[in-house]
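Undergrad: Build me a structure from this.
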Amino acid sequence: MKEFIHQLKDRVLEGYLVTREDTAKLLSISIEKEEELKELLQAANEIREKFCGNFFNLCTILNAKSGRCSENCRYCAQSAHFKTNADVYPLVSKEVALEAAKEVEVEGAHRFSLVTSGRGLQGKEEELDKLQEIYRYLKENTDLDLCASHGICSKEALQKLKDSGVKTYHHNLESSRRFYPTICTSHTFDDRVNTVKYAHEVGLQVCSGGIFGLGETEEDRIDMAFDLRELRVHSVPINILTPIPGTPLENNKEIDPKELLKDIAIYRFILPKVSIRYAGGRVKLGEYAKLGLEGGVNSALTGNFLTTTGNTIESDKKMIKELGYEY
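TA: Okay, here's the model as predicted:
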């Protein structure tokens, strides 16, 4: 297996696109064989160094509108279908958004995103108008790269967001096409795929990934990676499920951190040039989180997340500096 890992890594460094047959062999690596796992992580890191360099990107989000979402995503605290303790409030003001953006800018974040609950912006012209006003205000008063996460969107809405200063649209696939209907039935996998395509068509960069630990197989995770490659996304956030009391997945079993690291390293083989981003739930990796930064990960969502607490910007900056990254 060691020889295969190195041969495949060398081919990827030369521009080869790995196949499902290749990744099936990588998936066969036993997480109990520490030397094989170490070889895989080191190879993924070499791929990251070749195609992405040593720059580490830190992004932040503001939960700008919370709760009462019409969709039935089985992992989500903000779904109106489940009884959780998630906060409920309308879209924040531009002043509140700017205060949050300024705070993280001073602390060293590179990107800032507003995230709103709900299916999307269809039929919500008033909300879209307010969002445009907020993004213009942020663009005028910060130097942050602006991102947006507002659910399923039309091409017209995405164009308006771009014209307001948004650089990147975030919209996760969440899981594989095969597994998706088991976690959400109020919209389809293709609804998400189409939003990603529309974002590309209007000239936005795309941040799209998913959640590990929903009950999917390792093969489902890898299938999602191939879909993301086909969609030419720029950034891939890897979330690890934090089971929320009151949601159908509140009792989901945790995944071995070493399995998560293995799968993330395989993502780097499949997606050599993208930003692979630690996102929500990375605290589940515990002491292994740092190892992931030596196994293909080169960016992170930092600070507080939507309905869970993340790492502080300062602690993340310290960790990435220790590993020799620039930010």
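
Undergrad: by contact count, what packs against the longest helix belonging to the chain?
TA: Taking DSSP state H as the criterion, the chain has its longest helix at helix 34-52. Contacts defined by 3 or more C-beta pairs under 8 Å, 6 or more residues apart in numbering; DSSP states H and E place helix 34-52 against helix 2-13, helix 257-270. C-beta coordinates here come from the backbone N, C-alpha and C atoms, glycine included.

Undergrad: Would you mind telling me which of those is nearest A100?
TA: Nearest of those to A100, taken as C-beta to C-beta: helix 257-270 at 28.7 Å.

Undergrad: The next helix or strand after that closest one packs against which elements?
TA: Using DSSP states H and E, the next helix or strand after helix 257-270 towards the C-terminus is strand 275-278. When contacts are defined as 3+ C-beta pairs under 8 Å, 6+ apart, strand 275-278 packs onto strand 57-65, strand 235-240, helix 257-270, strand 299-301.

Undergrad: hey, C-alpha coordinates of strand 275-278 in PDB?
TA: Only the C-alpha atoms of strand 275-278 are listed here, as PDB (Å, rounded to 0.1, in the frame of the first residue of the first chain):
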ATOM      1  CA  SER A 275      -9.100  25.000  -0.300                       C
ATOM      2  CA  ILE A 276     -10.000  22.100   1.900                       C
ATOM      3  CA  ARG A 277     -11.500  23.800   5.000                       C
ATOM      4  CA  TYR A 278     -12.100  22.700   8.500                       C
END
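
Undergrad: after that strand, next one along is what?
TA: The first helix or strand that comes after strand 275-278 along the chain, using DSSP H and E, is helix 289-292.

Undergrad: My guess is D145 contacts F112. True?
TA: Yes. Between D145 and F112 there is a contact at 7.5 Å, judged by C-beta atoms under 8 Å.

Undergrad: between these two, who's got more neighbours?
TA: Taking other C-beta atoms under 10 Å, D145 and F112 do not tie; F112 has more neighbours (24 against 18).

Undergrad: mind checking how far that one is from H171?
TA: 17 Å (C-beta to C-beta, to the nearest Å).

Undergrad: who does the helix-or-strand element of the chain with minimal mean pLDDT touch, helix- and strand-wise?
TA: Counting by mean pLDDT, DSSP states H and E, the weakest-scoring helix or strand in the chain turns out to be helix 313-322, with a mean of 87. Judged by 3+ C-beta pairs under 8 Å, 6+ apart, the packing partners of helix 313-322 are strand 57-65, helix 94-107.

Undergrad: List the contacts of the longest helix of the chain.
TA: 1-2, 5-6, 8-9, 12-13, 26, 29-31, 258, 261-262, 264-266, 268-269, 272-273, 275-276, 291, 294-298 (C-beta atoms under 8 Å, 6 or more residues apart in numbering).

Undergrad: the inter-axis angle of that helix versus helix 2-13?
TA: Per axes from the mean of the first three to the mean of the last three C-alpha atoms, to 10 degrees, the angle that helix 34-52 makes with helix 2-13 is 10 degrees.

Undergrad: what comes up buried for helix 34-52?
TA: Residues 36-37, 39-48, 51-52 are the ones in helix 34-52 that count as buried (16 or more other C-beta atoms under 10 Å).

Undergrad: any weak-confidence spans in the stretch 1-150 of the chain?
TA: Nowhere does the stretch 1-150 of the chain drop to pLDDT under 70.

Undergrad: again, only using 90
TA: The model of the stretch 1-150 of the chain has pLDDT under 90 over residues 68, 85-86, 122-123.

Undergrad: do the same with the stretch 201-327 of the chain
TA: Across the stretch 201-327 of the chain, the ranges flagged by pLDDT under 90 are 283, 286-287, 302-324, 326-327.
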